[in-house]
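Chemist: This is a predicted model, with the sequence first.
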Amino acid sequence: MTYENYLGFSREVLLEKMRQILPEKRLTHCLGVEKAARDLAKRYGADEEQAGLAGLLHDYAKKLSDQEFLDLIDRYELDPALKNWGNNVWHGMVGIYKIQEDLGLTDPAILRSIEIHTVGSGQMSTLDKIVYVADYIEHNRDFPGVEQARDIAQVSLDRAVAYETARTVEHLAHQGLPIYPQTLETYNAFVKYLKEEQ
């Protein structure tokens, strides 16, 4: 578990960099997602190093200020409509540009999985699904439904994505909050898997 192939420096150096920008609780979550992603990669035959690094870095940009995100959207000429959202969308969709700037990470599969780890996509690779699900089920999480999500993740990644997305949509709707269009695309693409035999 070195990640040097992807970063040119060790996991220890990366953790030191992350400690400087993330509170302890957020870093603990990132380490939990790293472990969950590696476990899922092993179960589903994906690259454990890729999954682990994506899991570790998924919330790297979580503590950027709104202004930093807005500046990144301008600098990289991203879709201006992104400015209508907030940190929950930005730390993945825009955060990958901060990761590239700070860490020099270029692996497109890892960057993609971090980019969509909160909103999902109608088209998701195995790695995308692993990071999306690992973020939800890592062992530090404690909320109603998390145990069921963990059980589902051991059986079917597609059903785990469907379960998590349905829960997210339900939660946002219940709170009267807008739902990012790509999250609805994810829901529509994966909801059929909820109908599978348990």
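Modeler: Everything's here; your move.

Chemist: Quick test: name the residue nearest the centre of the protein.
Modeler: Central residue check for the chain by CA atoms, centre = their mean: the C-alpha nearest the mean position is that of H117, 2.6 Å away.

Chemist: give me every residue that touches that one.
Modeler: For H117, the residues meeting the contact criterion (CB atoms under 8 Å, 6 or more residues apart in numbering) are 54, 58, 92, 131-132, 135. Heads up, the C-betas are built off the backbone N, CA and C, glycines and all.

Chemist: if I look at it, how far off is L82?
Modeler: For H117, the distance to L82 equals 16 Å [CB to CB, to the nearest Å].

Chemist: ok so, going back, which helix or strand contains the residue nearest to the centre of the chain?
Modeler: Applying DSSP states H and E as the criterion places H117 outside every helix and strand.

Chemist: and it, what are its phi and psi?
Modeler: In this entry, H117 is assigned phi and psi values of phi -70, psi -20 (degrees, to the nearest 10).

Chemist: so what's it scoring on pLDDT?
Modeler: The model reports H117 with a pLDDT of 98.

Chemist: In this structure V191 contacts A166, no?
Modeler: Yes - taking contacts as CB atoms under 8 Å, V191 lies within contact range of A166: 6.5 Å.

Chemist: Ramachandran angles for the residue lying closest to Q148 once chain neighbours are set aside?
Modeler: Counting by CB to CB, 6 or more residues apart in numbering, Q148 lies nearest to Y163, which is 7.2 Å off, once chain neighbours are set aside. Note on Y163: backbone dihedrals following degrees, to the nearest 10 are phi -60, psi -50.

Chemist: Can you tell me the closest non-neighbouring residue to E4?
Modeler: S10 (5.9 Å).

Chemist: got the contact list for that neighbour?
Modeler: S10 sits next to 2-4 when contact means CB under 8 Å, 6+ apart.

Chemist: Helices of the protein, start to end?
Modeler: Assignment of helices within the chain using DSSP state H yields the ranges 4-7, 11-21, 24-44, 48-57, 66-75, 87-93, 95-103, 108-115, 126-137, 146-153, 157-174, 181-190.

Chemist: okay, the ones you listed in a markdown table with mean neighbour count next?
Modeler: Converted to a markdown table, the helices of the chain look like this (neighbours: other CB atoms under 10 Å):
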| stretch | mean neighbour count |
| --- | --- |
| helix 4-7 | 15 |
| helix 11-21 | 14 |
| helix 24-44 | 19 |
| helix 48-57 | 25 |
| helix 66-75 | 15 |
| helix 87-93 | 21 |
| helix 95-103 | 18 |
| helix 108-115 | 21 |
| helix 126-137 | 25 |
| helix 146-153 | 17 |
| helix 157-174 | 19 |
| helix 181-190 | 18 |
